[in-house]
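*Asks:* the following comprises the amino acid sequence and a computationally predicted model.
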Amino acid sequence: MKDNSVLEFRNPDPKFHDYLTQILQAGCQQILATALETELKIFLSHYHDVKDAQGRQRIVRNGYLPEREVQTGIGPVTVRVPRARDRSCLFR
């Protein structure tokens, strides 16, 4: 296809800030964080009744992975991915 309808955005002033994009990226970051938290909550609920040898909950939440950037349609968005841990593992 020879006809390209995509226009390049040229930043006329280096002091110019695109506030709309910043708002969209913050919203996207919040949506991703909520989705990841919900996914982990559902995962943990599946293993709520599983106990280890000491009678404690075997699969538990264990903080977050290091922050990373995810490329989205509106640019990179920083996310913190929650993680879970299996207490029955021999290697700690």
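*Replies:* Perfect, thanks for sending it. Numbering: from 1, shown residues only.

*Asks:* ok, the most centrally placed residue in the chain to residue 20 distance?
*Replies:* With distances taken as Cα atoms, centre = their mean, residue 79 lies nearest the centre of the chain, 4.0 Å away. Distance, residue 79 to residue 20, by Cβ to Cβ, to the nearest Å: 21 Å. Glycine gets a C-beta too; all of them are placed from N, C-alpha and C.

*Asks:* how about residue 40?
*Replies:* 31 Å.

*Asks:* who has more neighbours out of the two?
*Replies:* Counted by other Cβ atoms under 10 Å, residue 40 and residue 20 do not tie: residue 40 has more neighbours, with 15 against 9.

*Asks:* now that one: which helix or strand?
*Replies:* In this structure, residue 40 sits in helix 19-46 according to DSSP states H and E.

*Asks:* show me what that helix is packed up against.
*Replies:* Here helix 19-46 touches strand 59-64, strand 68-72, strand 75-79, strand 82-86, going by 3 or more Cβ pairs under 8 Å, 6 or more residues apart in numbering; DSSP states H and E.

*Asks:* that older thread, help me confirm that the residue nearest to the centre of the chain comes into contact with residue 36.
*Replies:* Yes - using Cβ atoms under 8 Å, residue 79 is in contact with residue 36, at 7.0 Å.

*Asks:* now do the same contact list for residue 29.
*Replies:* By Cβ atoms under 8 Å, 6 or more residues apart in numbering, residue 29 lies in contact with 77-79.

*Asks:* hmm, back to that, now the helix holding residue 40: how far from the chain's centre is it?
*Replies:* In this view, helix 19-46 has its centroid 6 Å away from the chain centroid, taken as Cα atoms, centre = their mean, to the nearest Å.

*Asks:* and that helix, what's its mean pLDDT?
*Replies:* Regarding helix 19-46, the rounded mean pLDDT is 93.

*Asks:* what angle sits between it and strand 82-86?
*Replies:* 20 degrees (axes from the mean of the first three to the mean of the last three Cα atoms, to 10 degrees).
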